[in-house]
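In: Dropping a prediction and its sequence here:
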Amino acid sequence: MQILASIPSPSQGVWHLGPVPIRAYALCIILGVIVAAWLGSRRWIARGGQPGTVADVVVWATPFGLVGARLYHVITDYQLYFGPGRDPWRAFAVWEGGLGIWGAIAFGALGAWIACRRRGIPLPAMADAAAPAIVIAQAIGRLGNWFNQELFGGPTTVAWGLQIDSAHRPVGYEQYATFHPTFLYEFIWDFGVAGLVIWADRRFKLGHGRAFAVYVMGYTLGRAWIEYLRIDPVNHVLGLRLNVWTSVLVFLLAALYFVISAKLRPGREEVVEPVPAGASSASDQGEVGQGRTEATATGATPTGATPTGATPTDAGGSDAAAASADAGKAEAGASGAARVDVVTSAESETDHGASGRSEESGSAKPNGSDTRSTSGQPVGEDSPTQERRSGDGR
């Protein structure tokens, strides 16, 4: 029993809000950018970057990527816009569809490089953080092809075949009703690549652009066979679609970069983004907050903080604070003097007691023997010096 007879296509891909058309293709791209910015920012902060950096990069990379995607499409499919009976101005009609992922990656990287240079951060480190986010954005963007009923594969009778309206079927395929849903194949493949990049990055601590290289290699592998399934008219080179050759070439370049980078710069960057002067990173702020919490729990007062119940002195209260300090010093001096008097009195009493006992023992000692030590103190008695040291220790 077939669980799914076929996948239906959306009845429309454009809605009108008054005179303004709302296109599903554009909404998918916008949603992909938002998700990519969110995930990329989380990964960037986890690698030691500052909040808000990825948003700045997205502001530069997105428009560059859209321009590059359109340029790549127009250049590789020039016959659709130039030549007899063609309207060159349609090359600017982005809303009609027609974007090339390779142009988006190339020009998007250029925009990202400009943004990274302005902030003083290395582009490879940013590319590593953004790699899984980019491929997820591509997956979401592919849903736009579903709404537009475009870029599907050849005819098929599988249970997950995609229904295509007769108005969208290419010439020579009018008699077929279901086709390979290449948008769905790439959607699933892209999420698989994102998972691979995240796993490999955590497992091997990839850095210096190698996580991005894993993304490129993974994506191009899937894109090569998915491109081979498509039947939309494109240019061919040596019997293969142009994007198949592009995928093979880009895969080899990414693999070469991965190997060379691993030999020249192993490991991961220690610092991906310098902390601006006077600012602290997110991790530093967390450590400071933890330290303050621990200090409060143990009853200690953080440096520079006002103790509980105390009122910070202002400029007008400095005299009172000085007077209080002088009074404290006076009290300390008086207390010290009192302690000296007590010690002196104790020493005097000890000397008198020792002298009396010496006289009494002198009258009773046989043969006039002396019981004093060589230091002049009675044997068995503590000297005044020893008593003073004992008092100092209290």
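Out: Okay, I see it.

In: The stretch 51-200 of the chain: helices as residue ranges?
Out: 53-76, 101-119, 123-148, 182-204 (DSSP state H, counting those that start in this stretch).

In: Just the pLDDT for Val275.
Out: We have a pLDDT of 74 for Val275.

In: neighbours around it, how many?
Out: Residues near Val275, counting by other C-beta atoms under 10 Å, number 13. The way it works is simple: take the backbone N, C-alpha and C, and place the C-beta from them, glycine included.

In: On the three-state scheme, it is what?
Out: coil (DSSP: H, G, I helix; E, B strand; the rest coil).

In: Roughly how far does it sit from Gly97?
Out: For Val275, the distance to Gly97 equals 44 Å [C-beta to C-beta, to the nearest Å].

In: can you check Val197 too?
Out: Relative to Gly97, and taking C-beta to C-beta, Val197 is found at 28 Å.

In: Out of the helices of the stretch 51-200 of the chain, which gets nearest to Ala262?
Out: Comparing the helices of the stretch 51-200 of the chain by their distance to Ala262 (C-beta to C-beta), the top pick is helix 182-204, with 9.5 Å.

In: Mean confidence (pLDDT) on that closest one, please.
Out: Mean predicted lDDT for helix 182-204 stands at 98.

In: Please apply the same query to stretch 235-255.
Out: 96.

In: can you list contacts of that stretch?
Out: Residues from elsewhere that reach stretch 235-255 (C-beta atoms under 8 Å, 6 or more residues apart in numbering): 76-77, 79, 102, 213, 216-217, 220-221, 223-224, 227-228, 230, 234.

In: Going by distance to Ser261, which of these wins?
Out: Closest to Ser261, out of all of the contacts of stretch 235-255 and judged by C-beta to C-beta, is Ala213, at 7.3 Å.

In: wait, what's in contact with the residue nearest to Tyr215 when sequence neighbours are not counted?
Out: Distance criterion C-beta to C-beta, 6 or more residues apart in numbering; nearest residue to Tyr215, sequence neighbours excluded, is Ala131 at 4.0 Å. Ala131 makes contact with Val197, Asp201, Ala211, Phe212, Val214, Tyr215 under the criterion C-beta under 8 Å, 6+ apart.

In: Then Gly103?
Out: Contacts of Gly103 (C-beta under 8 Å, 6+ apart): Gly65, Gly68, Ala69, Arg70, Leu71, Tyr72, His73.

In: wait, isn't the fifth one in contact with Phe107?
Out: Pointing back at Leu71 there. Yes - in this structure, Leu71 is within contact of Phe107 by C-beta atoms under 8 Å, at 7.4 Å.

In: These two: which is more packed in?
Out: Phe107 (21 against 17).

In: Quick check: the more buried one vs Pro63, distance?
Out: 9 Å.

In: ok, now Gly239?
Out: 37 Å.

In: The two: who's more crowded?
Out: A count of neighbours by other C-beta under 10 Å puts Pro63 above the other of Gly239 and Pro63, at 13 against 6.

In: ok now do the residue lying closest to Arg118 once chain neighbours are set aside, which residues does it touch?
Out: Excluding the flanking residues, the one nearest Arg118 by C-beta to C-beta, 6+ apart is Asp56, at 7.9 Å. Contacts here follow C-beta under 8 Å, 6+ apart; on that basis Asp56 touches Ala115, Arg118, Arg119.
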